[in-house]
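Undergrad: Sequence unavailable; structure follows:
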Ligand code: BES
Ligand code: ZN
Ligand code: ZN
């Protein structure tokens, strides 16, 4: 669905041999001298680079990009500012590459080359640099154009990206990883961006089946009658107000022997109107993104299967709509969860935790090694960390460490919140076993998580609340306005090094 992605190759070749529309050369602030390799190349070009730097205002501030039109084998040299050498890291590299990729595309370039060694401050590993360059470029250039009908042929695209190295190493593994993960991020964005009249629960379930068919994964889809028969009372309660009936999608990947699977549970509300506690305008806008956790899970298992990772995975993804109807569930209803607990409803807009409750218990029954759920669960996530990072909770030391490591590596910022027992107080109900929301305006991310904790048994568990980071308002760095594909890079980093 997304714009066809650029093809990427890695070439060991002399700079003078490259033929391309543009060559990117990185410079650090206050270090504008040319390396031997670049000086030799510049001599062949008639010293255009050296003289440009002497005569123009290029400071190599982070993100600065200056074009020199040379019109030889290389048509344009792009001087790329990397900022201060000491502050440079993979985050800076990714942002700069993503921004320059966008810029070149918008200027009508169809391809470009990156001179790898000039983007290294001497501290970064080539292998990781290649992954980050490919990921940030392919993710940064993403656009959602599916529903544009006019002038589609005029949409500018980069078709080829070349990374130029001077090493004899093969980077096939890194390239393959980065292309597969970028694809998973962008396909997640495509489906999350797909409007709610199209991406109904049935549509998304069929999409999952198709993903599974292509990779020989087991995929089971339960319909509304089967979900009811399973006694998933919370899921059924939320779904019963919509003409678009719910689907429970289970996907399984076996990449290892008998070891316990890792369970990924995703919130899949294809549209969240708030239900009878209807969301007022403008808060009702964008609520197609409420399926993003489940959509990410589908593409994570797909990418793991493509990479043939040696682990077992199960995805549990409940899809439904939260709508207003004579049959809608109400505040004060008491629902019976799949694990037998009774739940008092206080606000029909807190629907995500209800469908997750049943999905988590279902996942826990499979005796997985861990359960990780991904959900656009709360607006309160915006208050906690803004658009910068994603809050999570975790019940297990080993899993917490793995998530923090994966966060650092993937550049998707996570920050843990506590599950202090005091928060349980606010979920006490006068009529049922538990209430599904806490006290208004108090620790909303945590109380939502505290509610979910009732449904995971004693399986080590983490809950990732992407309520805010699911969506971007800006076109900047790896972000494009719209769905972000949140957690895909993170989860892939986590799973590739699971053992
Ligand atoms: N899907 C929303 C959370 C959300 C809101 C995500 C805005 C992204 C942007 C969720 O179902 C919801 O409405 N949560 C309520 C819970 C409240 C009623 C306890 C919220 O966060 O306001
Ligand atoms: Zn809601
Ligand atoms: Zn919701």
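TA: Nice, I can see it. Computed from a predicted model, the values in this text were never measured in an experiment. Ligands and ions are numbered 1, 2, ... in the order given.
Undergrad: Nearest spatial neighbour of the residue of the stretch 51-200 of the chain found nearest ligand 2, chain-adjacent residues omitted?
TA: Among all residues of the stretch 51-200 of the chain, residue 196 sits closest to ligand 2, at 13.5 Å; criterion: C-beta to the ion. For glycine as for every other residue, the C-beta is placed from the backbone atoms N, C-alpha and C. Counting by C-beta to C-beta, 6 or more residues apart in numbering, the nearest residue to residue 196 once its immediate chain neighbours are dropped is residue 271, at 3.8 Å.
Undergrad: Next, that neighbour: phi, psi?
TA: The phi and psi torsions at residue 271 (degrees, to the nearest 10) take the values phi -160, psi 130.
Undergrad: thought it was touching residue 290?
TA: Yes - the criterion here is C-beta atoms under 8 Å, and residue 271 meets it with residue 290 at 6.9 Å.
Undergrad: out of these two, which sits in the busier spot?
TA: Remark: of residue 271 and residue 290, residue 290 carries more neighbours, 26 against 22, as counted by other C-beta atoms under 10 Å.
Undergrad: can you confirm the more buried one is in a helix?
TA: Yes - under DSSP: H, G, I helix; E, B strand; the rest coil, residue 290 sits within a helix.
Undergrad: Go through the protein and flag its longest strand.
TA: Of all the segments assigned as strand in the chain under DSSP state E, the longest by residue count is strand 312-322.
Undergrad: State the number of residues packed around the residue of the stretch 51-200 of the chain closest to ligand 2.
TA: Other residues near residue 196 number 20, with proximity taken as other C-beta under 10 Å.
Undergrad: and if you look at residue 223?
TA: Look at residue 223: counted by other C-beta under 10 Å, it has 15 neighbours.
Undergrad: And for residue 392?
TA: For residue 392, using other C-beta under 10 Å, the count is 25.
Undergrad: what helix or strand is residue 57 on?
TA: Using DSSP states H and E, residue 57 falls within no helix or strand.
Undergrad: Quick check: it vs residue 79, distance?
TA: Here the criterion is C-beta to C-beta, to the nearest Å. By it, residue 57 lies 11 Å from residue 79.
Undergrad: what about the longest strand of the chain, near ligand 3?
TA: No - using C-beta under 5 Å from the ion, strand 312-322 stays clear of ligand 3, with a minimum separation of 6.4 Å.
Undergrad: Parallel or antiparallel, which strands does that strand pair with?
TA: strand 247-254 (antiparallel), strand 262-266 (parallel), strand 268-272 (parallel) (DSSP bridges).
Undergrad: quick one: secondary structure of residue 325?
TA: Using three-state DSSP, the three-state assignment for residue 325 comes out as coil.
Undergrad: Pull the contacting residues for it.
TA: Residue 325 makes contacts with 240-243, as judged by C-beta atoms under 8 Å, 6 or more residues apart in numbering.
Undergrad: go again using 6 Å as the cut-off
TA: Residues counted as contacts of residue 325 (C-beta atoms under 6 Å, 6 or more residues apart in numbering) are residue 241.
Undergrad: if we can go back for a sec, between residue 57 and residue 79, which has more neighbouring residues?
TA: When neighbours are counted by other C-beta under 10 Å, residue 57 and residue 79 differ, and residue 79 comes out ahead with 21 against 7.
Undergrad: Confirm that the more buried one sits in a strand.
TA: Yes - with three-state DSSP as the criterion, residue 79 is located in a strand.
Undergrad: Can you say which helix or strand has the residue nearest to it when sequence neighbours are not counted in it?
TA: If you skip the residues right next to it in sequence, residue 79 has residue 66 as its closest partner in space, 4.6 Å away by C-beta to C-beta, 6+ apart. With the criterion set as DSSP H and E, the secondary-structure element containing residue 66 is strand 65-69.
Undergrad: which residues sit against that strand?
TA: With C-beta under 6 Å, 6+ apart as the test, strand 65-69 has contacts from 48, 52, 58, 76-80, 100.
Undergrad: next one: it to chain centre, how far?
TA: Mean-position distance between strand 65-69 and its chain equals 32 Å (C-alpha atoms, centre = their mean, to the nearest Å).
Undergrad: change the start of the numbering to 13 and stick with it
TA: Will do, 13 is the new start, and the previous item becomes strand 77-81.
Undergrad: May I see the buried residues of that strand?
TA: Residues of strand 77-81 classed as buried under the neighbour-count rule (16 or more other C-beta atoms under 10 Å) are 78-80.
Undergrad: Give the pairing partners of it; include direction for each.
TA: Paired strands of strand 77-81, defined by DSSP bridges, are strand 86-93 (antiparallel).
Undergrad: Just the buried positions in stretch 198-213, please.
TA: Within stretch 198-213, the residues that count as buried by 16+ other C-beta under 10 Å are 198-206, 208, 211-213.
Undergrad: Which residue does the stretch 363-511 of the chain have closest to ligand 3?
TA: Nearest to ligand 3 in the stretch 363-511 of the chain, going by C-beta to the ion, is residue 364, at a distance of 4.3 Å.
Undergrad: For that residue, give me its contacts.
TA: 279, 387, 389.
Undergrad: Quick one: mean pLDDT for the host helix or strand of residue 33?
TA: Secondary structure from DSSP H and E places residue 33 in strand 32-39. Strand 32-39 shows a mean pLDDT of 98 in the predicted model.
Undergrad: So which elements touch it?
TA: Contact here means 3 or more C-beta pairs under 6 Å, 6 or more residues apart in numbering; DSSP states H and E; on that basis strand 32-39 packs against strand 86-93, strand 123-127.
Undergrad: Give me every residue in this protein lying close to ligand 2.
TA: Taking C-beta under 5 Å from the ion as the contact definition, the chain meets ligand 2 at 284, 361, 363.
Undergrad: re earlier: include mean pLDDT and distance to residue 137 when you put the helices and strands packed on strand 32-39 into TSV, please.
TA: Supplementary listing: the helices and strands packed on strand 32-39 in TSV, determined by pLDDT from 0 to 100; distance: least, C-beta to C-beta, whole Å:
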stretch	mean pLDDT	distance to residue 137
strand 86-93	98	20
strand 123-127	98	16
